[in-house]
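[1] Here you go, sequence then predicted model.
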Amino acid sequence: AILVYGVWASIIYPGAHLPTTALLAIPISIIIGLFYAIFSIAMPRAGGDYIWVSRILHPSIGYAMNFFLFMLVLSVAGAYVPWFTQYVLASILEAHGLIDLAAAVSTNEFAFAFAVVYYLICAAIISRGAKATTKVLWAYFILVLIGLALYAGALLLVGRQVFAAKFAAATGVSYTKVIEEAVKAGFPQGFLLSATLLGLTFTYINFLGFHFSVYLAGEIKEVHKSQIIAIIGAVVVFGLISWLAYEVSYIGMGGEFLGALSYLYAVGSDVYPFGAREPFFMWLFRYVVDPTTYTIFMIGWGAMVLAAILTYVASAVRFVFAWAFDRVVPTFLSNVDVRYHSPYAALIFVTAVAIIFQALWLWTPLLQYFAYIVFGWMIMQIITSIAAIVFPRVRRDIWERSPPIVRARIGPIPILSTLAVISII
């Protein structure tokens, strides 16, 4: 999603410097990640912040917050299916000249059929337990790294001049004209600090989910060590990947050009060569490499999309399992397979809901609340932070039994409370 959200940031905040937003997002995410990791160590249960808020503040608050997240992750999964069919499959077919077939896979009907098949595949993977899911995610991650290496290597080797020439030949619009027309229309020359700080919001969206291991805390060995390593490691690795993707895009295609192209799209300029299609970086990469190389790259990018969907479904299953364990929903949803120790009843339920949500996403406006993803996420984060601040007083019994790292203090103030206040800010 790096190559998509970056364009949206450039469209809404002209003058944003995307590589800088990636570097700024790392320390912010590390602080919040430490907060969630330490809180998870205090109560290492499936369900994560649902458990913490329910036990400390009130069960209804914990459930309401987690229900929103349940709706959110399945909505995002529904949004990502068209990303794979339209952004990946259709783009690969177009690169090979198969225009009619590309149009066929871009339809809602194909997206829904693909979604049903892939959700069933996800269910089969998750039903084999956490280890099987982890292995598949590692395979996806390797494909992503291969795609990233190809993207970075090609942009650095081919260079901006070759890209500019191929872009002009394919679109009929010169590289310099894009910049000149954007400046005439009001595009700011040079990068702006204010736009960069505002554009950080879109980069941070990419980071959301770095703490999802808290929802599987009950299945993690040595959670007091593993949780911190996993969350902080994920933030640092992803942050560097984001920075690299943006930096090589700026070097190989030109940061000013990418911003100008996004600006022309935003203002609806006649010079913009792609009509209603956004200037996503992975599509512009077509003008750098041959169709075969582009296909390999897009397989890597598509692996990111499929991995995200698998992660969201697996997380939603843990939400439902935690609810059922607390008898918030029917207890049969907490039934666990004896052999693989997977919550099969919750898995069946989530798979069915995901398929229904996919249809709602494709053919109705009912899931338009997706636009409020960041606002809702911040509310959840604030509620969780408040629970952490009052934790030592409200649930002193759990607090005093918590590992030393949870009860650590800076002077008279618990580190967990300090991190919670920063997370609210």
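    Good, I have the coordinates. Since this is a predicted model, take the numbers as computed values, not measurements. Numbers count the residues shown, from 1 in each chain.

[2] what about the one helix or strand residue 4 maps to, distance to the chain center?
    Element membership of residue 4, judged by DSSP states H and E, is helix 2-12. The chain centroid and the centroid of helix 2-12 are separated by 13 Å, computed with CA atoms, centre = their mean, to the nearest Å.

[3] Could you do stretch 48-63 as well?
    Computed by CA atoms, centre = their mean, the separation of stretch 48-63 from the middle of its chain amounts to 24 Å.

[4] and the end-to-end length of it?
    Across its full length, stretch 48-63 reaches 11 Å end to end, with CA to CA, to the nearest Å as the criterion.

[5] looking only at pLDDT, what's the mean for it?
    If you average the pLDDT over stretch 48-63, you get 91.

[6] Enumerate the positions of it that are buried.
    Of the residues in stretch 48-63, those buried under the neighbour-count criterion (16 or more other CB atoms under 10 Å) are 48-57, 61-63. Heads up, the C-betas are built off the backbone N, CA and C, glycines and all.

[7] just curious, which of those is nearest to residue 311?
    Within the set of the buried residues of stretch 48-63, residue 48 lies nearest residue 311; the separation is 13.7 Å, counting by CB to CB.

[8] Would you mind identifying the next helix or strand past whatever helix or strand residue 353 lives in?
    When elements are assigned from DSSP H and E, residue 353 belongs to helix 344-363. In the C-terminal direction, the helix or strand that comes right after helix 344-363 (DSSP H and E) is helix 373-394.

[9] Relative to the whole chain's centre, how far out is that next one?
    Here the centre of mass of C-alpha atoms in helix 373-394, compared against the chain's by CA atoms, centre = their mean, lies 21 Å away.

[10] Over to stretch 393-411?
    Using CA atoms, centre = their mean, the distance between the centre of stretch 393-411 and that of its chain works out at 32 Å.

[11] Just give the number of residues close to residue 363.
    Other residues within reach of residue 363, judged by other CB atoms under 10 Å, total 11.

[12] Could you check how far it is from residue 63?
    According to CB to CB, to the nearest Å, residue 363 stands 29 Å off from residue 63.

[13] re the thing from before, name the helices or strands packed onto the helix holding residue 353?
    Using 3 or more CB pairs under 8 Å, 6 or more residues apart in numbering; DSSP states H and E, the elements in contact with helix 344-363 are helix 59-82, helix 108-127, helix 291-325.

[14] what does the shortest one rub up against?
    It refers to helix 108-127. Where contact means CB atoms under 8 Å, 6 or more residues apart in numbering, the residues beyond helix 108-127 that reach it are 78, 81-82, 84-86, 104, 132-133, 136, 306, 309-310, 313-314, 317, 337, 340, 342, 344, 347-348, 351, 354-355, 358-359, 362-363.

[15] what residues are up against residue 65?
    When contacts are counted by CB under 8 Å, 6+ apart, residue 65 is found next to 49, 50, 53, 379, 380, 383, 384.

[16] Assumed residue 134 was part of a strand.
    No - counting by DSSP: H, G, I helix; E, B strand; the rest coil, one finds residue 134 to be helix, located in no strand.

[17] Report how many residues lie close to it.
    A total of 13 residues lie near residue 134 under the criterion other CB under 10 Å.

[18] again with residue 399
    Number of residues near residue 399 (other CB under 10 Å) recorded here: 17.

[19] Now the one helix or strand residue 35 maps to: buried residues?
    Secondary structure here is read from DSSP H and E; on that basis residue 35 sits in helix 18-42. Along helix 18-42, these residues count as buried under the neighbour rule (16+ other CB under 10 Å): 18-26, 28-30, 32-42.

[20] residue ranges with poor pLDDT in the stretch 101-250 of the chain?
    In the predicted model, the stretch 101-250 of the chain carries pLDDT under 70 at residues 217-220.

[21] For residue 348, give me its contacts.
    Going by CB under 8 Å, 6+ apart, the list of residues near residue 348 reads residue 123.

[22] Helix or strand: which one has the residue lying closest to residue 17 once chain neighbours are set aside?
    Excluding its sequence neighbours, the residue lying closest to residue 17 (CB to CB, 6 or more residues apart in numbering) is residue 191, at 4.0 Å. In this structure, residue 191 sits in neither a helix nor a strand according to DSSP H and E.

[23] Before I go, just wanted to say thanks for your time.
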